[in-house]
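>>> Here is the input, now give the coordinates:
(one chain, ligands or ions: 1)
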Amino acid sequence: MRSGTTVAVNAIKALVLFVENITLNYSADCLKFLVVEKMRYFNNPYDDFSPEAAEGLISSNKLHPDSTVACAVESKWDWTMRKLDHLDFSDNSVYTGTSGIALLKLLKDPNGEQNLKEVKHLLNLRKLKYKRYSFLCGDAGPLAIGAVVCHRLKEKQESEKLIEKLLAMSDSAVNSKSDLPNEYLYGRAGYLYALLYVNKNIHPPPIGNQLIREVIEAIFVCGRTESRLGKFKCPLMYQWHNKQYLGAAHGVSGILYLLLQAKEHLSETELNNFIKPTVDYLADLKYSSGNYPSSLGNDDDKYVQWCHGSPGFVYLFSTAYKVYGDSKYLDLALQAGEVVWKRGLLKKGYSICHGVSGNAYCFLELFQLTQEMKHLYRAIKFTEWCVTYTREHEEYSPDRPASLFEGVGGPMYLLMDIQDPANSKFPGYTL
Ligand SMILES: [Zn+2]
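Okay, here's the model as predicted:
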């Protein structure tokens, strides 16, 4: 390292130490500007919902046709496609690879023959490794999407062949003693999503209830064992890399959300004696700020993004309200949404996984739950942030910019999805 650079780095380190010391020793109010420096999010510059603020944005429970967000679809689509010109075909995952872009194209045109052929090409089904199992990061994603696409292309035999391959991966998923984790991003809950996705999109549902039950039972066995061994005060607990994560991607809230979406496959005992008390246990972990820890025992209240923190809890509590009908879950979902509105314009960027477009989906979930225009308005404002995105909004550039979960595919997916807000769904997570 050159000496000039070293001096500069040391000066920055000294400044950081200075800032940390004074923020520890002096009142937060008089040093607000310094604290803002350390924040992971931009202060939300938008007025909150009022009929006046929503004028020109919302009309008849939808986007106003002349609004920025409604008008941006075409130009942003072309811009996004240019960014995706040089896709890396060595990664065919939904999360960072070509299958995520396949989902994006499928949202734009779900039935057109030519588009379906292009989507199939993007799945790169010859590239499967049969090592990873989840929808987002494993082979289960391309296989499940491929089965649906071939079905729509009337390639019945190929669709069945892909479903067979998906089912052939079930050994680890149904065996609670295998080393497959249970979390959503890489684990059993992610495999469960792939099965449910196929059944939701092909009629009649081709995957039998028995396999779905076996995967669910393995998730329950693992959760009950972990809870018993760790003497946790809730019936279900899960760990990933020796930590009890709680968020959507790696944690308990994501696993429970998947289970609740598979409600028709659950027994009354599982719903009321295992899941419900665990949801209540998670609710009690809420920080005084309204946010939630990323893992058990973690006091660092810093993440407000789909993968960690309150956004994931919006989906869990919203679905718990639909399943149990208890208004305390509605209140919890709304409170988690307030945190996202306040702290959700992230400096990390626009991504679906840990950025603003992912956070916007919380408001679409709450809009669908409550039918209140406030939540649609908030979703529109977060989408507007993504659409009018500039370098000033981004402190970190994404590792994989040509992807659905980390890159430009995410905000584009949101932008198209919000055009029909009553039916929008967080990609690869909400069925
Ligand atoms: Zn993330």
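
>>> Tell me the residues of the protein that contact the ion?
Residues of the chain lying close to the ion (C-beta under 5 Å from the ion) are C307, C353, H354. (Each C-beta comes from the backbone N, C-alpha and C, glycine too.)

>>> show me the contacts for E372.
L366 (C-beta atoms under 8 Å, 6 or more residues apart in numbering).

>>> Torsion angles phi and psi at L63?
phi -70, psi 140 (degrees, to the nearest 10).

>>> so how far is the ion from it?
27 Å (C-beta to the ion, to the nearest Å).

>>> Give me the number of neighbouring residues for that residue.
23 (other C-beta atoms under 10 Å).

>>> go on, A140?
So A140, with other C-beta under 10 Å, has 29 neighbours.

>>> Was I right to think it contacts S134?
Yes. Between A140 and S134 there is a contact under C-beta atoms under 8 Å: 5.9 Å.

>>> Quickly list what's touching both of the two.
Joint contacts of A140 and S134 (C-beta under 8 Å, 6+ apart) are G190, Y191, A194.

>>> so what's the first one up against?
Remark: with contacts taken as C-beta under 8 Å, 6+ apart, G190 is in contact with Y133, S134, F135, L136, C137, G138, A140, E183, Y184.

>>> Go through the residues you listed and flag which are in helices.
Among the contacts of G190, the members found in helices (DSSP state H) are A140.

>>> buried subset of the contacts of G190?
Y133, S134, F135, L136, C137, G138, A140, E183, Y184 (16 or more other C-beta atoms under 10 Å).

>>> can you pull out the strands in the chain?
58-59, 62-63, 304-305, 308-309 (DSSP state E).

>>> how about these, which one is nearest K233?
Closest of these to K233 is strand 308-309, at 21.7 Å (criterion: C-beta to C-beta).

>>> For that closest one, the averaged confidence score.
For strand 308-309, mean pLDDT is 98.

>>> coming back round to it: need the buried ones among the contacts of G190 in a markdown table with distance to R224 and pLDDT, can you?
Listed next are the buried ones among the contacts of G190 as a markdown table, based on distance: C-beta to C-beta, whole Å; pLDDT from 0 to 100:
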| residue | distance to R224 | pLDDT |
| --- | --- | --- |
| Y133 | 21 | 93 |
| S134 | 22 | 97 |
| F135 | 24 | 98 |
| L136 | 25 | 98 |
| C137 | 26 | 97 |
| G138 | 25 | 96 |
| A140 | 24 | 97 |
| E183 | 16 | 97 |
| Y184 | 19 | 97 |
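
>>> Pull the most distant pair out of those residues.
A140 and E183 (14.1 Å).

>>> In the stretch 151-300 of the chain, which residue sits closest to the ion?
Closest contact between the stretch 151-300 of the chain and the ion, by C-beta to the ion, is at A249 (5.9 Å).

>>> Report pLDDT for that residue.
At A249, pLDDT is 97.

>>> correct me, but it touches L185?
Yes. The pair A249 and L185 qualifies as a contact (C-beta under 8 Å) at a distance of 4.5 Å.

>>> ok, the residue nearest the centre of the chain - contacts?
Nearest residue to the geometric centre of the chain (C-alpha atoms, centre = their mean): W306, 4.7 Å. Going by C-beta under 8 Å, 6+ apart, W306 touches G247, A248, A249, G312, I352, C353, H354, G358, N359, Y361, F426, Y429.

>>> count of residues packed around the spatially closest residue to the third one that is not a sequence neighbour?
Looking back up the chat, that one is A249. In space, A249 comes closest to C307 once its chain neighbours are excluded; the distance is 3.7 Å by C-beta to C-beta, 6 or more residues apart in numbering. The number of residues packed near C307 is 24, by other C-beta under 10 Å.

>>> Next, the contact list for K108, please.
Taking C-beta under 8 Å, 6+ apart as the test, what K108 contacts is W77, N115, M416.

>>> my read: the last one touches L107, true?
Yes. Under the criterion of C-beta under 8 Å, M416 lies in contact with L107, with a separation of 5.5 Å.

>>> okay, and the helix or strand of the protein with the least pLDDT?
Least confident helix or strand of the chain, by mean pLDDT, DSSP states H and E, is helix 3-25 with a mean of 42.

>>> Can you pull the phi/psi pair for the closest residue to Y287 other than its chain neighbours?
With C-beta to C-beta, 6+ apart as the criterion, Y287 has its nearest non-adjacent residue at 4.8 Å, and that residue is D301. Main-chain torsions, D301, degrees, to the nearest 10: phi -80, psi 80.

>>> Quickly note the distance from the residue of the stretch 1-150 of the chain found nearest the ion to V148.
The nearest approach of the stretch 1-150 of the chain to the ion comes at Y95, 9.4 Å away (C-beta to the ion). Going from Y95 to V148 by C-beta to C-beta, to the nearest Å gives 18 Å.

>>> now swap in A249 and tell me
For A249, the distance to V148 - C-beta to C-beta - is 23 Å.

>>> who has more neighbours, the two?
A249 (26 against 22).

>>> if I pick the more buried one, what's in contact with it?
So A249 contacts E183, Y184, L185, W306, C307, H308, G312, C353 (C-beta under 8 Å, 6+ apart).

>>> Return the member of the residues you listed nearest to P206.
Y184 (22.9 Å).

>>> okay, now the closest residue to that closest one other than its chain neighbours: neighbour count?
In space, Y184 comes closest to G254 once its chain neighbours are excluded; the distance is 3.9 Å by C-beta to C-beta, 6+ apart. Per other C-beta under 10 Å, the neighbour tally for G254 reads 29.

>>> Isn't G254 up against G247?
Yes. G254 is in contact with G247 according to C-beta under 8 Å; the separation is 6.6 Å.
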